[in-house]
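**Student:** fold the following and give me the result.
(2 chains)
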Amino acid sequence: MKMINVKEKQILAFVPAGIDLRQELKWINILLAASFLYSMVFLIYLSNAYHGLFTYIAGKKVLMDGVIMPDFVELLGTSLSGFLITALSMAGLLAYHYLYHFQGSKSIYLMKRLPDRLELWRRCFGLPVLAAVLSMCIAAVLLAAYFGIYLLVTPEVCLTPDQWGKIWDAYFEAGRRI
Amino acid sequence: MLEIRNLSKSYIGKTALTQIDLTLAPGEIIGLFGENGAGKSTLMKCILGFLQYQGKITLDGEAITRKNIARLSFATSEHSFFPNLTTSAHKEFYEMHFPYFREKRYRGLMEFFNLPEHKPLKSFSTGQKNQFEVILALCQGADYILMDEPFAGNDIFNREDFYKVLSGILEPEETVLLSTHLLEEVEAFISRAVLIRHGQIAGDVFMTDLEDEGKTLVGYVKETYQYKADRVSRALSDLTDEE
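**Tutor:** The predicted structure is shown next:
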């Protein structure tokens, strides 16, 4: 018999009864880890851009005259898009959770006649929504962290103004296009 | 009292139920009979609120909502349990959601049918699955127990055991609506027979009235359905003539 820990027991109330929770958590973790690894592309771009600010004169690293660091949003590019894809893919998990109640039996009949009318929806939406929110929170934290790193490493004279504002301008523009 | 008034149900291009009027009184054991596609399952699914319908269904005068839905239980040959869960996990689930779960009855029935506690339902035989489906419906603590061909796939000994157990354990206020094709088997067990044909009530009779008239349930059904006894022999002779 599988042993389950307290945390898993709490999560079990947010997934369909009898579903393989460990398998689902494993895939969510894989998606989040892959998104995180992909987001580190930003650090490579940042490193390349940073080194592009300097030249070497007589073996000495010297900041080039009038050189400007690319905007943060430009370097960020699509590096956080993995988290958005992870969040969106949770819609598929949600659909799977609902259809699970038709696999091997019609447990949907039981779920639909429970006195607690939210039980079915809690179990279908619970984990996918939690995972989507977690994914977007990690993206937000990384956005702030990467922005901090960008400000920290970029020489002040190479920074163009309103970097933070440009992030939102870029997102609004992307959203408008969609 | 479960009252069904003027109930009609249509699917796209097909009428499944037409103006059904039926009252199920506490303590009755009602057999619901009819050919495949007559509307038996549709009727039960309307009562349980799985399907939209026209008409009115009330439980002691009140519409069936989440407030009183626990007073109805349901066993179906399609099964409504979770195949990956064990029987003991189902018990926990039911106890969590149905406050009047009959623990003692559950233990007794599990012991009687000798069902394993720690194996997932998907590993059970069809007969065992049916048994557990019915056990859950009987133990939920409902006043009205709806069963839609619950013994499909069970052997005769198994079914007979169940009828005996059912007769023995039901309390006077518990009502059973049992849809089945096994007329002769349930004849001694039911108190009332309701016949449904082409989505309409074709017959409704108390077993005591049938007994008084010296009729059998099968005879009553054939009479109501205007069954032609010579149908087979005529068809056979027609076929033979063709050759």
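**Student:** all contacts plus neighbour counts: C-alpha atoms, from now on.
**Tutor:** Will do.
**Student:** need the longest helix for chain A.
**Tutor:** The helix spanning the most residues in chain A, taking DSSP state H as the definition, is helix A:119-153.
**Student:** following element in sequence after that one, please.
**Tutor:** helix A:163-177 (DSSP states H and E).
**Student:** buried set for that following helix?
**Tutor:** A:163, A:167 (16 or more other CA atoms under 10 Å in any protein chain shown).
**Student:** go on, stretch B:207-219?
**Tutor:** Neighbour-count burial for stretch B:207-219, counted by 16+ other CA under 10 Å, picks out B:207, B:210, B:217.
**Student:** gap between the residue located most distally from the centre of chain A and chain B?
**Tutor:** Largest separation from the mean C-alpha position in chain A: residue A:58, at 44.4 Å (CA atoms, centre = their mean). As judged by CA to the nearest CA, to the nearest Å, residue A:58 and chain B stand 72 Å apart.
**Student:** which one is residue B:173 nearest to, not counting chain neighbours?
**Tutor:** Nearest residue to residue B:173, sequence neighbours excluded (CA to CA, 6 or more residues apart in numbering or on different chains): residue B:27, at 4.4 Å.
**Student:** ok, that neighbour to chain A distance?
**Tutor:** Counting by CA to the nearest CA - residue B:27 and chain A are separated by 22 Å.
**Student:** what's the burial count for that residue?
**Tutor:** Look at residue B:27: counted by other CA atoms under 10 Å in any protein chain shown, it has 17 neighbours.
**Student:** and what of the one 5 residues further on?
**Tutor:** In terms of burial, residue B:32 registers 26 neighbours under the definition other CA under 10 Å.
**Student:** do I have it right that it meets residue B:39?
**Tutor:** No: taking CA atoms under 8 Å as the definition, residue B:32 is not a contact partner of residue B:39, at 10.0 Å.
**Student:** where do the contact lists of the two overlap?
**Tutor:** In terms of CA atoms under 8 Å, 6 or more residues apart in numbering or on different chains, residue B:32 and residue B:39 are both contacted by the residues residue B:196.
**Student:** how near is residue B:48 to chain A?
**Tutor:** 7 Å.
**Student:** nearest residue to the residue in chain A that chain B sits nearest to in space, please, no chain neighbours.
**Tutor:** Closest contact between chain A and chain B, by CA to the nearest CA, is at residue A:107 (4.1 Å). Distances taken as CA to CA, 6+ apart place residue B:80 nearest to residue A:107, at 4.1 Å, with adjacent residues excluded.
**Student:** part of a strand, is residue B:20?
**Tutor:** Yes: per DSSP: H, G, I helix; E, B strand; the rest coil, residue B:20 lies within a strand segment.
**Student:** ok, it - how many residues close by?
**Tutor:** Neighbours around residue B:20, by other CA under 10 Å: 18.
**Student:** so what's it up against?
**Tutor:** Counting by CA under 8 Å, 6+ apart, residue B:20 makes contact with B:4, B:5, B:6, B:7, B:8, B:199, B:200, B:201.
**Student:** pLDDT wise, what is it at?
**Tutor:** For residue B:20, the pLDDT comes out at 95.
**Student:** identify the bridge partners of it.
**Tutor:** residue B:7 (DSSP bridges).
**Student:** near chain A, which residues of chain B are found?
**Tutor:** For chain B, the contact set with chain A under CA under 8 Å from any CA of the partner chain comprises B:48-50, B:66-70, B:78-85, B:97-98, B:122.
**Student:** nearest residue to residue B:64 other than its sequence neighbours?
**Tutor:** Closest residue to residue B:64 apart from its sequence neighbours, by CA to CA, 6+ apart: residue B:58 at 6.0 Å.
**Student:** repeat that for residue B:74.
**Tutor:** Among residues not flanking residue B:74 along the chain, residue B:146 sits closest, at 4.7 Å (CA to CA, 6+ apart).
**Student:** secondary structure element for the one you found?
**Tutor:** Using DSSP H and E, residue B:146 sits within strand B:144-148.
**Student:** in chain B, what residue lies closest to chain A?
**Tutor:** For chain B, CA to the nearest CA, closest residue to chain A: residue B:80, 4.1 Å.
**Student:** so what's that residue up against?
**Tutor:** Counting by CA under 8 Å, 6+ apart, residue B:80 touches A:105, A:106, A:107, A:108, A:109, A:110, B:133.
**Student:** reformat those as TSV; add neighbour count, distance to residue B:139 and pLDDT.
**Tutor:** Shown next, in TSV, are the contacts of residue B:80 (neighbours: other CA atoms under 10 Å in any protein chain shown; distance: CA to CA, whole Å; pLDDT from 0 to 100):
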residue	neighbour count	distance to residue B:139	pLDDT
A:105	18	19	96
A:106	20	19	97
A:107	20	17	97
A:108	20	19	97
A:109	22	17	97
A:110	18	14	97
B:133	22	10	96
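**Student:** among these, which ones are in helices?
**Tutor:** Going by DSSP H, the helices hold A:107, A:108, A:109, A:110, B:133 from the contacts of residue B:80.
**Student:** surely the last one meets residue B:78?
**Tutor:** No: proximity of residue B:133 to residue B:78 does not meet the contact threshold set by CA under 8 Å, at 9.5 Å.
**Student:** overlap of the contact sets of the two?
**Tutor:** Counting by CA under 8 Å, 6+ apart, residue B:133 and residue B:78 have no common neighbour.
**Student:** next, name the residue at the spatial heart of chain A.
**Tutor:** Centroid check for chain A by CA atoms, centre = their mean gives residue A:83 as the closest residue, at 2.3 Å.
**Student:** tilt between the helix or strand in which that residue is found and helix A:119-153?
**Tutor:** Secondary structure from DSSP H and E places residue A:83 in helix A:81-100. Helix A:81-100 and helix A:119-153 are oriented at 170 degrees to each other (axes from the mean of the first three to the mean of the last three CA atoms, to 10 degrees).
**Student:** any residue of helix A:81-100 up close to chain B?
**Tutor:** No: judged by CA under 8 Å from any CA, helix A:81-100 stays clear of chain B, getting no closer than 9.5 Å.
**Student:** pLDDT averaged over that helix - what is it?
**Tutor:** Across helix A:81-100, pLDDT averages out at 97.
**Student:** that one - contacts with which helices or strands?
**Tutor:** Counting by 3 or more CA pairs under 8 Å, 6 or more residues apart in numbering or on different chains; DSSP states H and E, the packing neighbours recorded for helix A:81-100 are helix A:21-39, helix A:119-153.
**Student:** quick one: low-confidence parts of the chain?
**Tutor:** All of this refers to chain A. A:1-4, A:6, A:178 (pLDDT under 70).
**Student:** sorry, should have said chain B
**Tutor:** Using pLDDT under 70, chain B drops low at B:227-229, B:231, B:241-243.
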